[in-house]
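>>> structure for the following, please:
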Amino acid sequence: MGNPYWPLFDVRVRTPRLEIRLPTDEDLYRLVALVDDGVHDPATMPFATPWTDAPAPRRARESLQWWWGRRAQWRPDDWSFTGAVFVEGEPVGVQDLSAKHFATLRTVATGSWLGRRHQGRGLGQEMRAAILHLAFDGLGAEVAHSGAFDDNGPSLGVSRSLGYSANGEQLELRRGRPARMVNVRLGRADWLALRRNDIRIAGLEGCLDMFGIDHGEGN
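Numbering: from 1, shown residues only. Here you go, the predicted structure:
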């Protein structure tokens, strides 16, 4: 039986290697433990907001507050699908999809992190491909944006492999110092050229209105 009050919990995006879904509170505690195991080399910082620098247990509390906040602040014109990524039932990271005024703009942004012990296995590309399938095939998006610091080779490599093109850059503060953020863009035509036929979406029909679109509008 689906969730009658928060049908977003029923959404599943599945590939042959992984599943993405909104995390329950129990899943969030497992994600906190995954963060405690490490997300990146402490000498580097891949995120514009250095949330992984916070000491435990403050980092765990702030992470939970952020996830709960995304859930509580969801609106059809301003939403963030903070999908937990599972491989054989084990959480390995987070892949989110967000948008403002999606009904009009049909534009989304993505962000992600992967537990350090799960990196180097191609999961970053797989989970981005999955969330892009939700955006373009499930919701009918026209454009997807992403970005990474210029020294984050793996993230920029994933973007290139999935058909993104360069979309400018700007300086961002990173641990109090300027760093170059490279922006990338993926249009619908470029996504269609590389579209996969082995990604499945379930549970979306019951909550299309929560994404700001009418039932039947999604592709």
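
>>> now Gly168. Nearest residue, chain neighbours left out?
Ranked by C-beta to C-beta, 6 or more residues apart in numbering and with sequence neighbours excluded, the top spatial neighbour of Gly168 is Asn183, at 5.1 Å. The C-beta positions use only the backbone N, C-alpha and C, and glycine is treated the same way.

>>> could you point out where this structure is predicted with low confidence?
1, 215-219 (pLDDT under 70).

>>> so Leu162 touches Ala130, yeah?
No: applying C-beta atoms under 8 Å, one finds Leu162 not in contact with Ala130, separated by 10.9 Å.

>>> ok, those two, which is more surrounded?
Taking other C-beta atoms under 10 Å, Leu162 and Ala130 do not tie; Ala130 has more neighbours (25 against 18).

>>> tell me the strands beside the one helix or strand the residue nearest to Gly168 maps to, with direction?
Using DSSP states H and E, Asn183 sits in strand 177-187. Counting by DSSP bridges, the strands paired with strand 177-187 are strand 143-149 (antiparallel), strand 165-174 (antiparallel).

>>> out of those, the one nearest Glu62 is which?
strand 165-174 (18.4 Å; C-beta to C-beta).

>>> report how many residues lie close to Val143.
Neighbour tally, Val143, other C-beta under 10 Å: 18.

>>> contacting residues around it?
For Val143, the contact set (C-beta atoms under 8 Å, 6 or more residues apart in numbering) comprises 106-108, 185-188.

>>> most neighbours, which of these?
Highest count within the contacts of Val143 by other C-beta under 10 Å belongs to Val108, 27 neighbours.

>>> in the lengthiest helix in the chain, what counts as buried?
The longest helix of the chain (DSSP state H) is helix 58-72. By neighbour count on 16 or more other C-beta atoms under 10 Å, the buried set for helix 58-72 is 59-60, 63, 67, 70-71.

>>> between these, which is nearest Gly147?
Closest approach to Gly147 among the buried residues of helix 58-72 (C-beta to C-beta): Arg70, at 19.3 Å.

>>> isn't the closest one up against Ser80?
Yes: assessed by C-beta under 8 Å, Arg70 is found in contact with Ser80 at 4.7 Å.

>>> give me phi/psi at the residue positioned nearest the centre of the chain?
In the chain, the C-alpha nearest the mean C-alpha coordinate belongs to Asp96, at 2.0 Å (C-alpha atoms, centre = their mean). Dihedral angles of Asp96 (phi, psi; degrees, to the nearest 10) stand at phi -110, psi 160.

>>> what's the helix or strand for the nearest residue to it once chain neighbours are set aside?
Excluding its sequence neighbours, the residue lying closest to Asp96 (C-beta to C-beta, 6+ apart) is Thr82, at 4.6 Å. Taking DSSP H and E as the definition, Thr82 sits inside strand 78-87.
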